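Peer 1: got a structure for you, letters missing:
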């Protein structure tokens with residue numbers, strides 16, 4: 001059975017252009033301190049990864 005990890009991610013819309021990065025956040029920081037703390041940038045562009053996933057799924 002494949003193990004699924006819970007990794008909270010969100011789009012960082014504070015960026016002024018349309019290329020919002022996909023970032024991983026610290027869920028404990030939200031639960032304990034009501035703050036969003038970015039732990040790492042997962043992908044530099046949500047739009048680009050979305051297009052890649054759609055193109056890949058259309059190829060199969």
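Peer 2: Structure's in. What do you need? Source: prediction; values computed, not measured. Residues are numbered from 1 along each chain as shown.
Peer 1: so residue 48: helix, strand or coil?
Peer 2: Three-state call for residue 48 (DSSP: H, G, I helix; E, B strand; the rest coil): helix.
Peer 1: number of nearby residues for the closest residue to it other than its chain neighbours?
Peer 2: Of all residues not flanking residue 48 in the chain, residue 19 sits nearest, at 7.5 Å (C-beta to C-beta, 6 or more residues apart in numbering). Yep, even glycine has a C-beta here, placed from its N, CA and C like the rest. When neighbours are defined as other C-beta atoms under 10 Å, residue 19 has 11 of them.
Peer 1: got a list of what residue 19 touches?
Peer 2: 44, 45, 46, 47, 48 (C-beta atoms under 8 Å, 6 or more residues apart in numbering).
Peer 1: among those residues, who's most crowded?
Peer 2: residue 46 leads those on contacts (other C-beta under 10 Å) with 20 neighbours.
Peer 1: any idea how far it lies from residue 27?
Peer 2: As judged by C-beta to C-beta, to the nearest Å, residue 46 and residue 27 stand 19 Å apart.
Peer 1: cool, residue 55 as well?
Peer 2: In terms of C-beta to C-beta, residue 55 sits 31 Å off from residue 27.
Peer 1: who's more crowded, those two?
Peer 2: In this view residue 55 and residue 27 are compared by other C-beta under 10 Å, and residue 27 has more residues nearby, 14 against 9.
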